[in-house]
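*Asks:* Following is a predicted model, sequence given first.
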Amino acid sequence: MSTPEKIFVSIYCEVKDNSFSDEMRNTLATGDEIFEFLMKDSQICLDKNGEPMSGDCNLWYLGCNNGFGQIRYNQKEWLWKSGESSFDIVSDFLSNLYNDNVINREQFEKLMDKIDEGRFIGDMVDIKNFLLARKEGRPFVPLKQIIEDNMEVKRRTNHS
């Protein structure tokens, strides 16, 4: 049985208190290792007791962080400045990995499902609220939607 090929990869983004893992920064990794890293709990979200909450995968922070970030894979590079993170960037990176047979179809589809979930969450500050809503079995409403709804109510009241 052959050993899976390791490729050069660097995956990093700025998150509060430098809490995003350096595990995949400037390293050689297999597709399985990259997949596991992206799906792995970041342990950045803390509950009311200060304990890490489960479910906040690394992939979400790449797509909706408020700081800068970078993804490098062989000769390809995706960089973003503060406020410019995007799940489109992460999706493009994953498509490159899949098209180059670094990750398999099942891994690609699972990661794309996580991207869809991340797009639904929308913003890094809402990850904790999303996890709490899921744990408590209640619907999740993104903070952006709450703000927009409140503004609409104010507009209506001011025009009455």
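*Replies:* That came in fine, so what should we check first?

*Asks:* Could you identify the longest strand within this structure?
*Replies:* In the chain, taking DSSP state E as the definition, the longest strand is strand 7-13.

*Asks:* Just list what that strand packs against, helices and strands only.
*Replies:* Counting contacts by 3 or more CB pairs under 8 Å, 6 or more residues apart in numbering; DSSP states H and E, strand 7-13 packs against strand 27-29, helix 31-39, helix 58-64, strand 69-73. The C-beta positions use only the backbone N, C-alpha and C, and glycine is treated the same way.

*Asks:* any idea which of the ones you listed is most buried?
*Replies:* helix 58-64 (a mean of 24; mean count of other CB atoms under 10 Å).

*Asks:* what does it rub up against?
*Replies:* Contact partners of helix 58-64, identified using CB atoms under 8 Å, 6 or more residues apart in numbering, comprise 11, 13, 15, 20-21, 37-42, 44, 69, 71, 85-87, 89-90, 111, 114-115, 117-119, 121-124, 127.

*Asks:* Quick one: residues contacting the closest residue to Ala133 other than its chain neighbours.
*Replies:* Using CB to CB, 6 or more residues apart in numbering and skipping the chain neighbours, the partner closest in space to Ala133 is Phe140 (3.8 Å). Phe140 is in contact with Phe120, Ile121, Asp126, Asn129, Phe130, Ala133, Arg134, counting by CB under 8 Å, 6+ apart.
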